[in-house]
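A.B. asks: Need the 3D shape of this:
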Amino acid sequence: MMERVGFAWKNFEDQQAIIRAADLKAGYLVTFLLFFGASTIPLGKEVLPKLRWGNAGEILASGLYAVTYVAFALGFVWALYLISHVLTPRIARHHAKPADGRELLYYEHVVRHANSAAYYEAMAKVSAEEMLRNVTDQVFELAMICKVKVDSLRAFSQAFKITLVAWFVSTAIGFWIMTWMK
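C.D. replies: Okay, here's the model as predicted:
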């Protein structure tokens, strides 16, 4: 039985490591995303008043800038929304009052005991089978959290790529348009 508990505990630790890595990656990616946003807005304030709609070249450049600027803005908002799903704290789906031998790992259940002595007493009464149940319950909860975070990171990756391309194009065209009125 203790082999099973050990195996489940290893799975628990692996799930937590994946979750921490997803959160860390999301934090780095938010920094990059905010850099792109912070550089696009001031440029847009300078470029938008200089858009021209006279000849075909001006219409093409102005239209492409406007489209990529809007695509960037939409991608930026979409990416921030998706990354917020990675960074959102998750809670256990079950919030019942802890039963003897059950729900002894999740922090909200642990702190529902009156004090550390009451928690110790609950742990002292737990059988190996109940320990396995506690660990597997938490492994399942962590797997659900991990799935949401990784799925959100994958979706963010797509939004980030679109946003990045729109940023490059709008920035390049924006700097070119800035030369029109020199």
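A.B. asks: so after the helix or strand of the chain with the lowest mean pLDDT, what's the next helix or strand?
C.D. replies: Least confident helix or strand, the chain: helix 107-110 with a mean of 82, by mean pLDDT, DSSP states H and E. Once helix 107-110 ends, the next helix or strand along the chain (criterion: DSSP states H and E) is helix 116-124.
A.B. asks: Can you tell me how far the residue nearest to the spatial centre of the chain is from residue 122?
C.D. replies: For the chain, residue 86 is the residue whose C-alpha lies nearest the centre (CA atoms, centre = their mean; 2.2 Å). Separation of residue 86 from residue 122 (CB to CB, to the nearest Å) stands at 33 Å. Any C-beta I mention is one placed from the backbone N, CA and C, and that applies to glycine too.
A.B. asks: what's the answer for residue 22, then?
C.D. replies: 32 Å.
A.B. asks: Okay, helices next: where are they in the chain?
C.D. replies: Per DSSP state H, the chain carries helices over the ranges 2-47, 56-87, 107-110, 116-124, 128-178.
A.B. asks: looking at those, which has the lowest confidence?
C.D. replies: Lowest mean pLDDT of these: helix 107-110, a mean of 82.
A.B. asks: got the buried residues for that helix?
C.D. replies: By neighbour count on 16 or more other CB atoms under 10 Å, the buried set for helix 107-110 is residue 109.
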